[in-house]
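Visitor: Sequence first, then the predicted structure, then my questions.
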Amino acid sequence: MDDGTSQVESIVGAGWSGGIDAALADRATAALEAGSVLRLPLPFVLEPGETRIVRDHVLAGHRKNVSLGPRAQNVKGAVEDAGLRRVLASACGRYQRQTAELAQRLFPAYLAALEIGRTSFRPAEVAGRVQQSPRKDDTRLHIDAFPATPVHGRRVLRFFTNVNPDGVARHWQVGEPFEQLAATFLPRVPRYSMAVALALAALRVTKSVRSEYDHCMRHIHDIMKCDTAYQRAAARQDVHFAAGETWIVFSDQVVHAVLSGRCMFEQTIYLPVTAQRFPVRSPLRVLERLTGRALA
Ligand SMILES: [Fe+2]
């Protein structure tokens, strides 16, 4: 990593269906686990009845996205319009199925271990969005660590597809490798308290009891976003994902910022660290090496 940032790996020859060459799958899995962003020329095509979702006003209130749970029939975050909600659920459901199938074929080693999470459609423009808090500002470099949904060490594998109707790219920046980031910020993470973790779960601030791993990841996320000097000076690479491109990352590992773009689908998939080819590269194992103890 010459410039101190994560790499972008072009993956050509993997579609939503059909066979994938074993050598390509091998290269994709190795690059993904090494902390690269996989970039695929792979559009998600809306059906004729669905195109209104990229043109019409679809978001309720101040919501940033519409989402569909893995077993849900109905979307969350959309305006009260039954017809529109049906169309959103249909498009999100199809994106969920297609990305799940692609994950199984592109990463065959993970096949039995993949756990499908939420799907989201993100129609709103990122640039110029008013942020109440730097912690919520995804235009700052960060890793994904969910405040309310502990993962207990599982990997966060995310698929994204730009469906911008005007052909405008989504502008990302990718930053330094996770090992470097962790070495900088882990010493600044406050001590973990099981009592606090139990209280957060009892108060339903978190959906389950936050593990020490989740505690470390969430604090690294917050501290790096609030560190103005880091945000100004950290090494980064600009990446523009064209409309019609799909990209795949372990977003708990790849330092990233989203600067602009509108209309994107996203699928979250969870993966146990033990299903990885090189678990030693996971954030869980990196943080455990640095702390010298089990964290999840
Ligand atoms: Fe993110």
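Guide: Yes, it's here.
Visitor: nearest residue to Ala201 other than its sequence neighbours?
Guide: Val209 (4.5 Å; C-beta to C-beta, 6 or more residues apart in numbering). Any C-beta I mention is one placed from the backbone N, CA and C, and that applies to glycine too.
Visitor: hang on, I meant Pro150
Guide: Pro150 sits nearest to Asp214 (C-beta to C-beta, 6+ apart), 4.1 Å away.
Visitor: Tell me how many other residues crowd the residue nearest to Ala201.
Guide: 15 (other C-beta atoms under 10 Å).
Visitor: Now for it: which residues touch it?
Guide: 150, 194, 197-198, 200-201 (C-beta atoms under 8 Å, 6 or more residues apart in numbering).
Visitor: Give me the secondary structure label for it.
Guide: Three-state call for Val209 (DSSP: H, G, I helix; E, B strand; the rest coil): coil.
Visitor: Report pLDDT for the residue nearest to Pro150.
Guide: At Asp214, the model reports a pLDDT of 98.
Visitor: Give me the contacts around the one helix or strand it maps to.
Guide: Assigned by DSSP states H and E, Asp214 falls within helix 212-226. Residues from elsewhere that reach helix 212-226, judged by C-beta under 8 Å, 6+ apart: 134-135, 137, 140-147, 150-153, 181-182, 185-186, 188-190, 192, 197, 210, 230-231, 252, 255, 283-284, 287, 291, 295-296.
Visitor: Buried ones in that helix, by neighbour count?
Guide: Neighbour counts over helix 212-226 (16 or more other C-beta atoms under 10 Å) mark 212-225 as buried.
Visitor: Could you dump the residues you listed into JSON lines and include distance to Gly93?
Guide: Below are these laid out as JSON lines (distance: C-beta to C-beta, whole Å):
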{"residue": "Glu212", "distance to Gly93": "36"}
{"residue": "Tyr213", "distance to Gly93": "31"}
{"residue": "Asp214", "distance to Gly93": "29"}
{"residue": "His215", "distance to Gly93": "34"}
{"residue": "Cys216", "distance to Gly93": "34"}
{"residue": "Met217", "distance to Gly93": "29"}
{"residue": "Arg218", "distance to Gly93": "30"}
{"residue": "His219", "distance to Gly93": "35"}
{"residue": "Ile220", "distance to Gly93": "33"}
{"residue": "His221", "distance to Gly93": "29"}
{"residue": "Asp222", "distance to Gly93": "33"}
{"residue": "Ile223", "distance to Gly93": "37"}
{"residue": "Met224", "distance to Gly93": "34"}
{"residue": "Lys225", "distance to Gly93": "32"}
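Visitor: OK, contacts around His57?
Guide: So His57 contacts Val79 (C-beta under 8 Å, 6+ apart).
Visitor: Name the SS class of it, please.
Guide: Classified using three-state DSSP, His57 is coil.
Visitor: By neighbour count, which of the contacts of Val209 wins?
Guide: Going by other C-beta under 10 Å, Pro150 tops the contacts of Val209 with 24 neighbours.
Visitor: Show me what the lengthiest helix in the chain is packed up against.
Guide: For the chain, the helix with the greatest residue count under DSSP state H is helix 82-106. With contacts defined as 3 or more C-beta pairs under 8 Å, 6 or more residues apart in numbering; DSSP states H and E, helix 82-106 has these neighbours: helix 22-33, strand 66-68, strand 115-122, strand 155-162, strand 264-271.
Visitor: mind redoing it with 10 Å?
Guide: helix 22-33, strand 37-40, strand 66-68, strand 115-122, strand 155-162, strand 246-250, strand 264-271 (3 or more C-beta pairs under 10 Å, 6 or more residues apart in numbering; DSSP states H and E).
Visitor: Please list the outside residues in contact with the third one.
Guide: The contact list for strand 66-68, computed with C-beta atoms under 10 Å, 6 or more residues apart in numbering, reads 53, 58-60, 74-79, 84-85, 88-93, 95-96, 117-123, 266-268.
Visitor: ok but Ala195 is inside a helix, no?
Guide: Yes: counting by three-state DSSP, Ala195 is located in a helix.
Visitor: circling back: can you tell me which of the contacts of Val209 is closest to Ala242?
Guide: Pro150 (34.8 Å; C-beta to C-beta).
Visitor: check contacts around the closest one.
Guide: Pro150 neighbours (C-beta under 10 Å, 6+ apart): 197, 200-201, 206-211, 213-215, 217-218, 296.
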